[in-house]
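# my questions are about this predicted structure, shown below with the sequence.
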Amino acid sequence: MKIVRLNHMHKSLAFLFLALCTWSCSQNSNKPMAVAFHNVNAKYNAIWQASRLDKELQKKWVTERKENYNATLPILFPRDSSFKQGHDKEIKELIRKASLVIDRHQNSHFIIDAYLLIARGRLYQNDLINAIETYKYVNSLEIRPEALLALYEIYLNQQEFVAAEKIEDFLSENPLNANQKKQYLLIKAYSFQRLDEPLKAAALLQEVQRYLKKGEEKARLSFILGQLFSDNNQPSLALESFKTAVNNKPSYELQLQANLAIHQLEGNLGALQQMLKDPKNEESKAAIYVKIGQYHYLKKNFKEAKENWEKGGQNNPNKGELFYQLGGLFAKQLKEYDLAAHYYDSAATYLSATHPDYSKAQKLKKSWGSYTAFSKQITLQDSLLRLANRNPAELHELFLKQQKDTVKKTSAAPLAAPVFTRRSFSTEQQSFYFNNEQARIQGGIEFGNRWGNRNLEDFWNRKNKNTSLTQVVNTASTAEKPSEKNKEGNSQAEENWLKSIPLSSASKSKATKMIEESLFKLGKLARFELGENELANTTLKRLLTEFPSTGYEAETLYTLYLSNEGATKTAYRSTLFERYPSSYFKTMILKLENGTLSENKEILAQKKYEGAIERFELKDFKTAFDSCLFIQQNYPGSKLEDKIVFLMALSKAGLHENEECKNILTEFISTFPASPLLKEASELLKLINK
């Protein structure tokens, strides 16, 4: 009986002990046993698993990134929204695991670590708003350098420089461990890189080197250091940095690029060409050709640079960057403007929206597209006018010759297929058969194995075409062969062709006017949008030679003045001042030469203008015009310049000098598109034209 009571008592004590332990291990308790229990569970369960996921994601973040070695690499990897799509499940699991600490272990010492891991997950998701809020909350609990460094980087990327500067000041004044110091210096160097201060960024990267061990990170940063020095004309320091990159266990791609840079800096063309022959570099030939092209470009061997860059454009994942370089080569050095337009168009197509030159490429595509349109218009109208000078017999012979050439070309290449340039497709798009290059190639092989080479025609899948359907088709095609029908068709085609030729005086005049306008617009485009003074000079000189009485002469002389230097510039200035003393373009030159008006001169211009208005109201139009001309010549760049030019036009209208009035109004509309007087000027010009 006694033994039974003792056993019962032991069970009760054990139950009571377990109950006390459970109560003391509550996450709301601050007792040592409770805190120890939750510390162990938080650290070796949720935090351990979340940290492991974070390390795996960080590794994938680095390894999956595609580097663009044609441009200077960014010191820090920029955020990529596509990473979330490929790793959504793992990121959510990271956030869930870290959240367990907050839900179940409130009294543990790992709450802040959990929030830091959650913030990391938000960064992987590119959810910057919630990431910022999480890091701010961490700092409200306890100042943690990890959170401050993350905020520093985010603010720099968002160009919130005031907030970034505050964090930078705080970090620079407080002690950091070696890893935190390294990260701080990297972010600071990245900020200088973004602000286009490469030498300051390079100085910080050199300091970072002493915190790095041999490995991929040190190799990559050494490579960037080499790029920064190379871009800033410090070849010896660049060479040293690239060699450091090679000696620090880089990846195959990074080692290849570093060796290419070394050979280029050393001027070792033989080594570069030898790399082309190495079988292991088969997939990297595009990059090697690019470097050989750069070598020739620096040596001013532009033809060789062009040939190698074009070879490098084949199967090159960074072809957008390469096409952008080729556009510059053809425009600036080779002066082959049609090809420049072609390559800028391709660059705008292939460059990613995140590329630093993307916006510039889009603008250049538009500008060079306008160049192509004007150039084609000039060539077309020139050729049509040349045809218009031939007699009917010559035109008939020329038409027949063109028809024969067309037939020859068609018969010579009946199976020629159009070649299309495809954009690269995303992973999702490649699931569609026609977007999947490998699937289409395999399909073509299977089709050939089964059917052989077949022409694109009706009943292609029939071995014997002598069926009734085939006979119907053949009969129909044969029925169209009689010579009378051919003659009729040729006659109609020739008639349509002749209609496109400006044979009448009115149509010739229209074609000539189109050439004149296109030459003027092309010259202005070349000078003001493309920055191609040579093209502007050639085009506008042709305009003045072929159209000596052009209405665009004043503006053309002004544009030529801007496009030239020395004695030639002075000559165009003198011609403009002599032939168009009242032109606003003369005022624009004076404004460039004299700068902005002082306050005192602005007041004098105002008084003179008021005097001109009084003379105009008294119908003394000549004096009003002369007063305005005096203001233009002596007070160029006045705030009243649009009103002065408009009053000059009105004065000429009052004097019934309609042609002069028309020219001034045309200049006004072109020069002052934002003037409140624009509507009145346009209406007055329409009235004069009637």
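The structure has been received and is ready for your questions. Numbers count the residues shown, from 1 in each chain.

# need the longest helix for this structure.
In the chain, taking DSSP state H as the definition, the longest helix is helix 358-388.

# stretch 494-503: which residues count as buried?
494, 501-503 (16 or more other CB atoms under 10 Å). The way it works is simple: take the backbone N, C-alpha and C, and place the C-beta from them, glycine included.

# of all the residues you listed, which two lie farthest apart?
494 and 502 (16.5 Å; CB to CB).

# before we move on, back to that, for the longest helix of the chain, name the packing helices and strands.
The elements that helix 358-388 packs onto, with contact taken as 3 or more CB pairs under 8 Å, 6 or more residues apart in numbering; DSSP states H and E, are helix 319-328, helix 337-350, helix 505-528.

# indicate which one of the ones you listed is closest to residue 165.
helix 319-328 (32.6 Å).

# buried residues in that closest one, which are they?
For helix 319-328, by 16+ other CB under 10 Å, it's 319-328.

# that older thread, just the buried positions in the longest helix of the chain, please.
So for helix 358-388, counting by 16+ other CB under 10 Å, buried means 358, 361-362, 364-365, 367-368, 371, 374-375, 377-378, 381, 384-385, 387.

# check stretch 324-343 too.
Buried, per 16+ other CB under 10 Å, within stretch 324-343: 324-331, 337, 339-343.

# what of stretch 502-518?
502-503, 507-508, 511, 514-518.

# please apply the same query to stretch 60-71.
Within stretch 60-71, the residues scored as buried using 16+ other CB under 10 Å are 61, 67-70.

# and of those, the nearest to residue 648?
residue 70 (53.7 Å).

# one step back: so of the buried residues of stretch 494-503, which ones are in helices?
Using DSSP H, these in helices are residue 494.

# count the neighbours of residue 138 for me.
Residues near residue 138, counting by other CB atoms under 10 Å, number 24.

# which positions in stretch 172-180 come out as buried?
Buried residues in stretch 172-180 (16+ other CB under 10 Å): 176, 180.

# tell me who's in contact with the nearest residue to residue 640 once chain neighbours are set aside.
Of all residues not flanking residue 640 in the chain, residue 609 sits nearest, at 5.3 Å (CB to CB, 6 or more residues apart in numbering). Shown in contact with residue 609 (CB atoms under 8 Å, 6 or more residues apart in numbering): 627-628, 631, 638, 640, 643-644, 647.

# kindly recompute the last result at 7 Å.
Contacts for residue 609 (CB atoms under 7 Å, 6 or more residues apart in numbering) come out as 631, 640, 643-644.

# who wins for neighbours among the residues you listed?
residue 631 (25 neighbours).

# what strand or helix carries that one?
Under the criterion of DSSP states H and E, residue 631 resides in helix 621-634.

# what about residue 77, which SS state?
At residue 77 the chain is in coil, as set by DSSP: H, G, I helix; E, B strand; the rest coil.

# quick one, phi psi at it?
phi -70, psi 120 (degrees, to the nearest 10).

# pick the one among the buried residues of stretch 494-503 closest to residue 289.
For those, the nearest to residue 289 is residue 501 (46.0 Å; CB to CB).

# my read: the closest one touches residue 383, true?
No - taking contacts as CB atoms under 7 Å, residue 501 lies outside contact range of residue 383: 9.5 Å.

# ok, back up a step: now the buried residues of stretch 324-343 in a markdown table, with distance to residue 171 and pLDDT?
Output for the buried residues of stretch 324-343, formatted as a markdown table (distance: CB to CB, whole Å; pLDDT from 0 to 100):
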| residue | distance to residue 171 | pLDDT |
| --- | --- | --- |
| 324 | 37 | 84 |
| 325 | 39 | 80 |
| 326 | 44 | 82 |
| 327 | 43 | 85 |
| 328 | 40 | 84 |
| 329 | 44 | 80 |
| 330 | 48 | 84 |
| 331 | 45 | 87 |
| 337 | 51 | 91 |
| 339 | 51 | 86 |
| 340 | 47 | 89 |
| 341 | 49 | 92 |
| 342 | 49 | 89 |
| 343 | 45 | 86 |
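
# list the residues that contact residue 371.
Applying CB under 7 Å, 6+ apart, the residues near residue 371 are 337, 341, 522, 525, 530.

# residue 647 now?
612, 616, 624, 628.

# then residue 388?
501-503, 508.

# domain ranges for this protein?
49-358, 581-690 (automatic domain parsing).

# chain center to the last one, what's the gap?
When distances are taken as CA atoms, centre = their mean, to the nearest Å, domain 581-690 is centred 41 Å away from the chain's centroid.

# first-to-last residue distance for that domain?
End-to-end span of domain 581-690 (CA to CA, to the nearest Å): 27 Å.

# pLDDT (mean, whole number) over it?
Across domain 581-690, pLDDT averages out at 87.

# out of the buried residues of stretch 502-518, which comes closest to residue 280?
The closest of these, once distances to residue 280 are taken by CB to CB, is residue 518, at 53.1 Å.

# residues touching that closest one, list them.
374, 377-378.

# circling back to that earlier point, for the buried residues of stretch 324-343, which one is nearest residue 601?
residue 331 (41.5 Å).

# and the contacts of residue 609, which two are the farthest apart?
Of all the pairs that the contacts of residue 609 form, the one spanning the most space (CB to CB) is 631 and 643, at 10.0 Å.

# which of the domains of the chain sits closest to residue 536?
Among those, domain 49-358 comes nearest to residue 536, with 11.5 Å by CB to CB.

# helices of the stretch 151-300 of the chain, start to end?
161-173, 178-194, 198-208, 216-231, 235-246, 252-266, 269-277, 285-298 (DSSP state H, counting those that start in this stretch).

# distance check, residue 586 against residue 575.
Residue 586 sits 11 Å away from residue 575, going by CB to CB, to the nearest Å.

# and those two? which has more neighbours close in?
The neighbour count for residue 586 versus residue 575, taken as other CB under 10 Å, is higher for residue 586 (23 against 16).

# residue contacts, the more buried one?
Residue 586 touches 576-577, 580, counting by CB under 7 Å, 6+ apart.

# between the contacts of residue 371, which is closest to residue 215?
Taking the contacts of residue 371 together and measuring to residue 215 by CB to CB, the closest member is residue 341, at 45.7 Å.

# so what's the closest one closest to, chain neighbours aside?
In space, and not counting its chain neighbours, residue 341 is closest to residue 368: 3.8 Å by CB to CB, 6+ apart.

# same check on residue 520?
Closest to residue 520 by CB to CB, 6+ apart is residue 552, at 4.5 Å.

# picking that back up, and which of the buried residues of stretch 324-343 is nearest to residue 543?
Of all the buried residues of stretch 324-343, residue 337 has the smallest distance to residue 543: 16.8 Å, by CB to CB.

# my read: that closest one touches residue 331, true?
Yes - Residue 337 is within contact range of residue 331, at 6.5 Å (criterion: CB under 7 Å).

# just the C-alphas of the helix or strand harbouring residue 666, formatted as PDB.
Secondary structure assignment for residue 666, by DSSP H and E: helix 658-671. Provided in PDB are the C-alpha atoms of helix 658-671 (Å, rounded to 0.1, in the frame of the first residue of the first chain):
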ATOM      1  CA  ASN A 658       4.800  90.800 -98.300                       C
ATOM      2  CA  GLU A 659       7.800  88.600 -99.300                       C
ATOM      3  CA  GLU A 660       9.900  90.100 -96.500                       C
ATOM      4  CA  CYS A 661       7.100  89.700 -94.100                       C
ATOM      5  CA  LYS A 662       6.600  86.100 -95.100                       C
ATOM      6  CA  ASN A 663      10.300  85.300 -94.500                       C
ATOM      7  CA  ILE A 664      10.300  86.900 -91.100                       C
ATOM      8  CA  LEU A 665       7.200  85.100 -90.000                       C
ATOM      9  CA  THR A 666       8.600  81.700 -91.200                       C
ATOM     10  CA  GLU A 667      11.700  82.400 -89.100                       C
ATOM     11  CA  PHE A 668       9.600  83.400 -86.200                       C
ATOM     12  CA  ILE A 669       7.500  80.200 -86.300                       C
ATOM     13  CA  SER A 670      10.700  78.100 -86.500                       C
ATOM     14  CA  THR A 671      12.600  80.000 -83.800                       C
END
